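Undergrad: coordinates only, sequence not included:
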DNA sequence: AAAAAACGGACCGATCTTGTCCGCTTCCAC
DNA sequence: GTGGAAGCGGACAAGATCGGTCCGTTTTTT
């Protein structure tokens, strides 16, 4: 007996809703809110993911899959700087969108997530080192340090009450960061 | 009849605790948590600040006072770039430390806070424009945009699980940002 | 030493979260 | 069609947390 059609549809809805909810609220978002966001009952969410960690692992895996794809595209660019910019932008935007995630990837998420993260990390290192080899990217920063900079645009707001324009804001930070990362 | 000694001591404790609590949790931190942090009973906190807005105004005013001081130091520097770097670093660090504040300065905080913010904003604009006049700071960014960039290092964590080294991390982001902001 | 001032935290009601349970609905096989 | 299994939804119980009060106790001052 195959999986019922409505079950499959709802499973997709729940995962998508969970991604949105985690992005806006953080990893500690409640099941009820995810259910509301998905337009299903809480029971459905609990039935699909009896363990909170499984849900979070699914969400994280979803995000990592997209990033890994971007990393492959970056490696396919002939121009190493172009590839680096592409991946750096992708990482920064994802980080910003999922600011609530913090560093808690370790706790939640099983071996799959760990493996995906390792894969992404390896791809990223290659993108960065390649750009450095071509002399386009500052060499005074280790690749881990460059990576850490992708978190910079994850700005929530500003003490000074300036409206954080999400569309232009990110673009602005990224421009200055990339200019700062380029070799003179 | 003068203010009792223990009352004075506790008032200071509460304000300091509130600053710490707001910095780590945000403006919506609970009175109970502030009391716990301060090592006093909740009653004491409520007695001192019956209105939540008054407490938050006190906290914000405390922070703004420090920043205004930094801004004056910046204007005192003969080298405009040096002054800009000083203020930019100060703003960025404070922003990072108080990431939870978001843009909600407007709601909370009375006229004093508003006035202080205005003063800080004005000083900052002068520091930035002076550096641009001396040809040391990129002119393709309006001063408001430069200011917005100070929020960039307010990184909570990284999707990739790299430990966000608070000491070195900030320094790193700031270095690259400042390099990106400098004129070629 | 006694009055005044301040303190602490138990306590109350309201709100929010986790997790369960069961009557109702939807789907699939025949 | 139709019957029964699989899935659904959301009311509900139990626990945590929050804002805010109140009063017996401690501390300070005179």
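TA: Nice, thanks for sending it over. Source: prediction; values computed, not measured.
Undergrad: in chain A, which ranges drop under the pLDDT threshold?
TA: Low-confidence segments of chain A (pLDDT under 70): A:1, A:96-110, A:151-171, A:184.
Undergrad: Mind checking if the longest helix anywhere in chain A is in reach of DNA strand D?
TA: Determined from DSSP state H, the single longest helix within chain A is helix A:52-76. No - Helix A:52-76 is not in contact with DNA strand D by Cβ under 7 Å from any atom of the strand; minimum separation 14.3 Å. Where you see a C-beta, it was placed from the backbone N, CA and C, and this is true even at glycine.
Undergrad: any bit of that helix sitting next to chain B?
TA: Yes - contact between helix A:52-76 and chain B, assessed by Cβ under 8 Å from any Cβ of the partner chain, occurs at A:63, A:67.
Undergrad: So for that helix, what gets flagged as buried?
TA: A:55-61, A:63-64, A:67-68, A:70-71, A:74-75 (16 or more other Cβ atoms under 10 Å in any protein chain shown).
Undergrad: what's the farthest-apart pair in those residues?
TA: For the buried residues of helix A:52-76, the maximum inter-member distance is 31.2 Å, found between A:55 and A:75 (Cβ to Cβ).
Undergrad: Next up, the contacts around the nearest residue to residue A:14 once chain neighbours are set aside.
TA: Among residues not flanking residue A:14 along the chain, residue A:38 sits closest, at 4.9 Å (Cβ to Cβ, 6 or more residues apart in numbering or on different chains). By Cβ atoms under 8 Å, 6 or more residues apart in numbering or on different chains, the contact set of residue A:38 is A:10, A:13-14, A:16-18, A:44-45.
Undergrad: now residue A:38: how far from DNA strand D?
TA: According to Cβ to the nearest atom of the strand, to the nearest Å, residue A:38 stands 8 Å off from DNA strand D.
Undergrad: Which residue ranges make up each domain of chain A?
TA: A:1-50, A:52-181 (automatic domain parsing).
Undergrad: Give me whichever of those is most buried.
TA: domain A:52-181 (a mean of 19; mean count of other Cβ atoms under 10 Å in any protein chain shown).
Undergrad: how far does that domain sit from the chain's center?
TA: For domain A:52-181, the distance from its own C-alpha centre to the chain's C-alpha centre is 7 Å (Cα atoms, centre = their mean, to the nearest Å).
Undergrad: cool, and stretch A:41-60?
TA: The chain centroid and the centroid of stretch A:41-60 are separated by 19 Å, computed with Cα atoms, centre = their mean.
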